[in-house]
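J.: From the sequence below, what's the structure:
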Amino acid sequence: MKILVTGTAGFIGFHLVQKLIREGHEIIGIDNINDYYDVNLKYARLAETGIYSTDDAVKTKKGKQDYTPIAFNKLIQSVLHPNYSFVRLNLEDKECIQKLFEDHQFEQVIHLAAQAGVRHSINNPELYIQSNIVGFFNIIDACRRTEVKKLIYASSSSVYGANSKIPFSEEDQIDTPVSLYAATKKSNELIAHAYSHLYNLPCIGLRFFTVYGPWGRPDMAPMLFANAIRHDQLINIFNNGKMERDFTYIKDIVEGISKVLHCPLENLNLYQILNIGHGSPIQLMNFINLLEQSMEKTVAKKYLPMQDGEVYKTWANTYKLEQFTKHNSQIKLEEGIVNFVEWFKNYYK
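T.: Sure thing, here's the model as predicted:
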């Protein structure tokens, strides 16, 4: 298939592109490579898939790789994979998005790009409105205009907000978001519902649960904790450590997306929401202890009250995903943390 994947310099998008390339699909990836976190990590992910600036590839500076910025709106062919190309593009640029869709006539679209971060959304709300709502509209409207066969898009477990019913199920009410990020993801689901109803566009929203693993985001707990352990810094632990997360290894996430991609349309509803999680919450302190064991270091901890925008517990009911795609998560936390730490030590030397 010819597939557009958005957010391919990001954590999940990077891993997904590698899998789809191996499956033989023709892939075009887009990302705006913003500076929400270290852009060198984003460029390093792109380099792993053979995407470099056309001016020059890699410079070395102080033992790290500094990547020449990629220009906007220019299609770059991977030097490693003939079936993969990349365009640096802003989701808010409706004209360029529409032209990309018209030029390439994608069969399916996997929309992962978004302004990420629950806490960041509290102080930078406009970024989230532009990227997550205006950007999402530009993508779904282009899908409608070019008759894309299926849109798969990233939602988030954060939409469950202050729900007290556990585990979280797709049928639960999601009327109590506790962050603007969560509110934008709920908005995406509502827009998708309207478009699927009005234009018969199959729209599948995937609610991801606490994804971790190699090449992960520096603003998420595993990388924050690993960096603190590495530098013998204090770890801030919120809600006095009384938090639980449904940590889901990146390989399981990507496998789930792939199975949704290949699932026949007749097996799915026109509008579908699916949880993708491990299906078993882990206490935050257990996660930190396993990380310390794997890194062979302990670290000082500072216990703090709950932060704004956070929830006490996440736990995915994954029955619907298993029913539709036969997918269930396989990687246990102990194995996933070892893999993550191995990559972390290698990447940061």
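J.: which sections of the stretch 51-200 of the chain are below the confidence cut-off?
T.: Along the stretch 51-200 of the chain, segments meeting pLDDT under 70 span 54-65.
J.: residue boundaries of the helices in it?
T.: With helices called from DSSP state H, counting those that start in this stretch, the stretch 51-200 of the chain shows them at 94-104, 120-123, 125-128, 135-145, 180-199.
J.: From the chain's centre, how far out is the first one? Work that out for me.
T.: Put plainly, it is helix 94-104. 23 Å (C-alpha atoms, centre = their mean, to the nearest Å).
J.: in the host helix or strand of G336, what counts as buried?
T.: Assigned by DSSP states H and E, G336 belongs to helix 333-347. Neighbour counts over helix 333-347 (16 or more other C-beta atoms under 10 Å) mark 333, 336-337, 339-341, 344 as buried. Backbone N, C-alpha and C define where each C-beta goes, glycine included.
J.: end to end, how far does stretch 319-330 reach?
T.: 15 Å (C-alpha to C-alpha, to the nearest Å).
J.: So which residues make contact with that stretch?
T.: The contact list for stretch 319-330 (C-beta atoms under 8 Å, 6 or more residues apart in numbering) reads 169-170, 248-249, 251-252, 255-256, 259-260, 263, 267-268, 272, 274-279, 318.
J.: Now, of the residues you listed, which are buried?
T.: The neighbour count (16+ other C-beta under 10 Å) marks 169-170, 248-249, 251-252, 255-256, 259-260, 263, 268, 272, 274-279, 318 as buried among the contacts of stretch 319-330.
J.: Counting only helices, which of these make the cut?
T.: 251-252, 255-256, 259-260 (DSSP state H).
J.: sorry, back to before: in CSV: the buried residues of helix 333-347, plus pLDDT and distance to M220.
T.: CSV is the format used below for these (pLDDT from 0 to 100; distance: C-beta to C-beta, whole Å):
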residue, pLDDT, distance to M220
L333, 96, 15
G336, 97, 13
I337, 97, 14
N339, 98, 16
F340, 98, 11
V341, 97, 15
F344, 97, 12
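J.: Just put those residues in CSV and tack on distance to G241.
T.: What follows is the buried residues of helix 333-347, written out as CSV (distance: C-beta to C-beta, whole Å):
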residue, distance to G241
L333, 17
G336, 20
I337, 18
N339, 24
F340, 20
V341, 21
F344, 22
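J.: quick one: the strands in the stretch 1-150 of the chain?
T.: For the stretch 1-150 of the chain, the strands defined by DSSP state E, counting those that start in this stretch occupy 2-6, 26-31, 58-61, 64-67, 76-77, 84-88, 108-111, 150-156.
J.: How about the stretch 151-300 of the chain?
T.: Along the stretch 151-300 of the chain, counting by DSSP E, counting those that start in this stretch, strands occupy 203-208, 211-212, 235-238, 244-245, 248-249, 271-276, 282-283.
J.: Which of those sits closest to E296?
T.: Evaluated over the strands of the stretch 151-300 of the chain, closeness to E296 peaks at strand 235-238, with 16.1 Å, by C-beta to C-beta.
J.: Residues in contact with that closest one: which ones?
T.: By C-beta under 8 Å, 6+ apart, strand 235-238 touches 224-225, 228-229, 284-285, 288, 299-307, 310.
J.: What residues sit buried inside that strand?
T.: Neighbour-count burial for strand 235-238, counted by 16+ other C-beta under 10 Å, picks out 235, 237-238.
J.: which one of the residues you listed sits closest to Y199?
T.: Using C-beta to C-beta, F238 comes nearest to Y199 of these, at 42.6 Å.
J.: what about the closest residue to N267 other than its chain neighbours, which SS state?
T.: Leaving aside its sequence neighbours, N267 sits nearest to F324 (C-beta to C-beta, 6 or more residues apart in numbering; 6.0 Å). Secondary structure, DSSP: H, G, I helix; E, B strand; the rest coil: F324 is helix.
J.: Distance-wise, check F324 relative to T8.
T.: Separation of F324 from T8 (C-beta to C-beta, to the nearest Å): 25 Å.
J.: Who has more neighbours out of the two?
T.: Shown here are F324 and T8; by other C-beta atoms under 10 Å, T8 has more neighbours (30 against 18).
J.: what's the pLDDT at the more buried one?
T.: We have a pLDDT of 98 for T8.
J.: Next: the one 10 residues further on.
T.: We note a pLDDT of 98 for Q18 in this prediction.
J.: Next: P218.
T.: At P218, the pLDDT recorded in the model is 94.
J.: What about the nearest residue to K186 once chain neighbours are set aside, how many residues nearby?
T.: Nearest residue to K186, sequence neighbours excluded (C-beta to C-beta, 6+ apart): V159, at 4.8 Å. V159: 26 surrounding residues under other C-beta under 10 Å.
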